[in-house]
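[1] Structure for the following, please:
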Amino acid sequence: MGPKKEPLPLDTGDTDTVFAYPDTLINAANDGTWVSPTKSVKRYHQPVKRRQNTKSGAKRVRTNGHGQGDDGPSLSMVEGGAWEEMLVSVPWDQDPEPSPSATATATDVIIGESQVTAYAEAVDTGAAGFCRVGKDLFVCQGWDTHRIQPTYLVIGEKFGVACTCPRGTQNLLCIHQEFFHSYELENLLSLKPSTLPQNPNAAIFFCQQVPNSPDYCTIFSVKGTSASELRGRAIVTHTGTLPSTGSWKCSKDSGTCVHIQAAYEILAKILGDAVTYDPQRIKQNRMSVSESQSGSVSHLPILPPLFISLKTDPVLYARPKPFRDPPSSVLGIGTQASCPCLGGRTFVNPQMPTVIHTCRIFTLYASHSAEIELQSCPKCPRARRRFIGPDLREQGLFNYNNKLLISHELLDEYTMAYVTSETPFVAWVTVVQHRYSLSGATFMDDGTFRSVWFAYAELVALENDMTCSLCGPYPETVIWDGVTLSFGKDHLTSAIKSPIEESSESIVRGKVKAHPKQQLLLDVSLRSALRLALKVPDLDEAKSSGSTKAVVEHLDRVAFIHKGIEKECEVLASLFLDAYGAVAFSQRLSPPKGYERFFLQIAAEESILQMINAVALAGLQDFIANPLPEYLTKILSIPGLYRIMEGRDSLQDFVPLFQWLANRAETVLRELSVDTSPIPTISGSSTASEWSQIRHRPKYPKIRGDGKKDKSAPRGDRCGKYYTQYGSDGLTGESEGRNDVFSAMITRWPVAPKRVIYDFACALGPYCMLREPEFFKNTFFAIDHFHAAGHSKCSPAAFLSEYANADPRLVAINSSAGECGNSGLKKDS
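    Residues are numbered from 1 along each chain as shown. Down below sits the predicted model:
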């Protein structure tokens, strides 16, 4: 079934205007009467006149109609073959004004250098797409500083350079042509277009995550059925996480058209078997002119924000005062200056000359123009105009790309806003934009700021400080959450690897296989009947209604249960009969406190090891040896049993019950322990640095689907809360599943944690114990307080609250700590 077309859920302003596309492009560009439908033309029809004198700071370009000028290929297609002159110099956020000269016969257009720089910054930071999609064809995302909305344009090389934006179709110089020329993008014509061999007619030129949503907006340039490379070309937009979901929109046709089908095929091919959107795969299959640098110009470690600094933090440099005023002199290049070349960072050469360029400094309250000392980078292609620039951390500045400089105070301000109130980028940038507007200044857009902040965050010196001074690097209690254990794929780097990855050096557990029937009571009908019997019907209500059917069924069920349990353990059968038998029922006696929760654990569908792990088993066996009331706390880690024994004068009569429980737990643990050989440590690994990998995840070939994403389905009387309902939108790993948590602990923890708090602990415990019982046998797996209500079929043995009610020491555990971080990460992205 083809993709479903729905309205684009993004706020793109006037979508009919934004997504409209010309039926004829380059072939019609010479027609002075033709108007591009790519967006509304405002005041661009005004006649412009030639200037006789070049204005100060302006740039003069001559063309001869064949794309060649004094400075190389022309940026403007000019009718005929006559020489024409253009004057370039006007703010980009203002409409072009005609030259005052009345004698000019050609086009004088003013486009300021600062406007080209602003557009270049948008392309460099990924806020505006600019990709090659054909032999001599580029598609670019326009830049409108009034609405900060995209327009979609195509640039070709056939007649010099022609642009299909409103100004370009009127033979006027536009920002896209000037950017193309200024950055010498004609050198890219020898590179391979960003199309796949499987579908050469469609190409991706832009992808970005939708703010506050797991969806991604992917934009394609798709060739039509016309023989012309441009005629019939359409812009196709997909919003969603997979090709088969979300919405598709074509700029030319309604419904499912050939353009959407071509885009659908290329997106499906790129994502392959991915279970959700993977922006890294998208970036690898497009040719963006912005992807020529690796990281920011600043590269030295930066002090954390003052408020979150620790006494143990190293003093990297003297913390500077907040940078707020314009610099009084040129920002010197210094000895640590560098260029973030793709092939490796290049550092300043004191023997080479330097140049002075202008830059913009964004502070907490305003932006300032400044001069910065640079040195041409000898490794980057000359056409890309890359420079070696100063680091500037000692001055409290972050040098993003030698053009954009941001004060540490401003970036730390967002960091603090996020960690204290989970503030999204869009909301925070809106606040700063308002603050700037009060003084007549303009702040950057949220897309640019997002790129800058993530580059800055990589340098903030937070390494090796994740250790709690009380708990140490490997705390006894670990709280997991789905978003905490998965990270956004758009921030994936080669330095980040998921713990679920296996290695050729991984140990193979060939004997480990599925082991069902780990419950305390093996008779499934007995377990089911016992759970029903705990819901005692109201005797008085039955008498008043004249219907005794429910009472009879209940008493029959009690008799059946007593007989079945008696075969297992006579003491347990007597306890059940005293609390739920016919005598207690007829006398309307409520079961003693704690009995219902205890018998729910007896009848649980989960493993006995959830109720009694190895630590609890050792305490129980120790207590059996000397079952005196004063030693009852030895079974505190079995709260269900502890509560029904608490307050009794003698416990000797219950030793058979204790022994029965211990025997069953010991049997299941022994049956699971088919391969207890230790997992080899990675050669050269050390536990001195927390979070470093010390082992490879083992392989379990006889466990079907091991290492694959968990897929939940209704499971009868077992827990029905699904870990796949959260999905993994835009995340690595498997979100709230089991493999991520298991793999992280088995590859990073020298010794398993004493307590693991997790939403799906009821499923995580058996998962871990089946694979590595020796490693996890002393670990207690519990569901946090926040998610407990969703586990209606789990026994109390799976809930942290059950243990905290018996052991006050566990009350201090903030079981929702992971969920707090989760909510913040979901709000932003």
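
[2] for the record, mean pLDDT for the top helix by length along the chain?
    Criterion DSSP state H: the longest helix present in the chain is helix 549-568. Helix 549-568 comes out with an average pLDDT of 95.

[3] do stretch 664-684 as well
    93.

[4] buried stuff in that stretch?
    Buried residues in stretch 664-684, counting neighbours by 16 or more other Cβ atoms under 10 Å, are found at 664-666, 668-669, 672, 675, 679. To be clear about C-beta, it is placed using only N, CA and C from the backbone, and glycine gets the same treatment.

[5] And for Glu476, the neighbour number?
    By other Cβ atoms under 10 Å, the residues close to Glu476 number 12.

[6] Spatially, which residue comes closest to it, not counting chain neighbours?
    Lys754 (4.0 Å; Cβ to Cβ, 6 or more residues apart in numbering).

[7] Correct me if wrong: that neighbour contacts Thr477.
    Yes. Taking Cβ atoms under 8 Å as the definition, Lys754 is a contact partner of Thr477 at 6.7 Å.

[8] picking up where we left off before, could the buried residues of stretch 664-684 go into JSON lines alongside distance to Val429 and secondary structure?
    Conversion of the buried residues of stretch 664-684 to JSON lines gives the following (distance: Cβ to Cβ, whole Å; DSSP: H, G, I helix; E, B strand; the rest coil):
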{"residue": "Arg664", "distance to Val429": "60", "secondary structure": "helix"}
{"residue": "Ala665", "distance to Val429": "56", "secondary structure": "helix"}
{"residue": "Glu666", "distance to Val429": "60", "secondary structure": "helix"}
{"residue": "Val668", "distance to Val429": "56", "secondary structure": "helix"}
{"residue": "Leu669", "distance to Val429": "55", "secondary structure": "helix"}
{"residue": "Leu672", "distance to Val429": "53", "secondary structure": "helix"}
{"residue": "Asp675", "distance to Val429": "54", "secondary structure": "coil"}
{"residue": "Ile679", "distance to Val429": "47", "secondary structure": "coil"}
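
[9] Look at Lys754 and Thr477 and report which has more neighbours.
    Thr477 (19 against 13).

[10] what sits opposite the nearest residue to that one once chain neighbours are set aside in the beta ladder?
    Leaving out its chain neighbours, the residue that sits closest to Thr477 by Cβ to Cβ, 6+ apart is Arg755, at 4.3 Å. Beta-bridge pairing for Arg755 (DSSP bridges): Thr477, Phe780.

[11] My read is that Arg755 contacts Cys471, right?
    No. In this structure Arg755 lies outside contact range of Cys471 using Cβ under 8 Å: 11.7 Å.

[12] any common contacting residues for those two?
    Common neighbours of Arg755 and Cys471 (criterion: Cβ atoms under 8 Å, 6 or more residues apart in numbering): Thr477.

[13] Of these two, give the one with the bigger neighbour count.
    Using other Cβ under 10 Å as the criterion, Arg755 and Cys471 rank with Arg755 on top: 19 against 11.

[14] Next up, the contacts around that one.
    476-478, 779-780, 782, 813.

[15] Narrow these to just the buried residues.
    Buried subset of the contacts of Arg755 (neighbour count, 16+ other Cβ under 10 Å): 477-478, 779-780, 782, 813.

[16] Show me which of the residues you listed is closest to Gly272.
    Taking Cβ to Cβ as the measure, Gly272 lies nearest Val478 of the buried ones among the contacts of Arg755, at 33.5 Å.

[17] Now do the same contact list for the closest one.
    745, 753, 755-757.

[18] Scan these and report the most crowded one.
    Greatest neighbour count in the contacts of Val478, by other Cβ under 10 Å, goes to Ile757: 25 neighbours.

[19] ok, the closest residue in space to it that isn't next to it in sequence to Thr681 distance?
    Nearest residue to Ile757, sequence neighbours excluded (Cβ to Cβ, 6+ apart): Ile479, at 4.4 Å. The gap separating Ile479 from Thr681 is 26 Å, by Cβ to Cβ, to the nearest Å.

[20] Take the contacts of Val478 and write them to CSV, including pLDDT and distance to Glu553.
    CSV is the format used below for those (pLDDT from 0 to 100; distance: Cβ to Cβ, whole Å):
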residue, pLDDT, distance to Glu553
Met745, 93, 46
Pro753, 94, 45
Arg755, 94, 41
Val756, 93, 40
Ile757, 92, 39
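
[21] I'd like these as TSV, with distance to Gly737 appended.
    Shown next, in TSV, are these (distance: Cβ to Cβ, whole Å):
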residue	distance to Gly737
Met745	14
Pro753	18
Arg755	20
Val756	14
Ile757	16
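
[22] Now flag whichever of those residues is closest to Ala337.
    Met745 (43.3 Å).

[23] Could you look up the SS state of the closest one?
    Here Met745 is recorded as helix under DSSP: H, G, I helix; E, B strand; the rest coil.

[24] got the contact list for it?
    Remark: with contacts taken as Cβ under 8 Å, 6+ apart, Met745 is in contact with 478, 752-753, 756, 768.

[25] before we move on, what about Leu521?
    Residues near Leu521 by Cβ under 8 Å, 6+ apart: 527, 530, 564-565, 568, 602-603.

[26] re the thing from before, turn the buried residues of stretch 664-684 into TSV, including distance to Gln351.
    Below are the buried residues of stretch 664-684 laid out as TSV (distance: Cβ to Cβ, whole Å):
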residue	distance to Gln351
Arg664	79
Ala665	75
Glu666	76
Val668	74
Leu669	71
Leu672	68
Asp675	63
Ile679	54
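
[27] and of those, the nearest to Pro353?
    Proximity of the buried residues of stretch 664-684 to Pro353 (Cβ to Cβ) peaks at Ile679, which lies at 57.6 Å.
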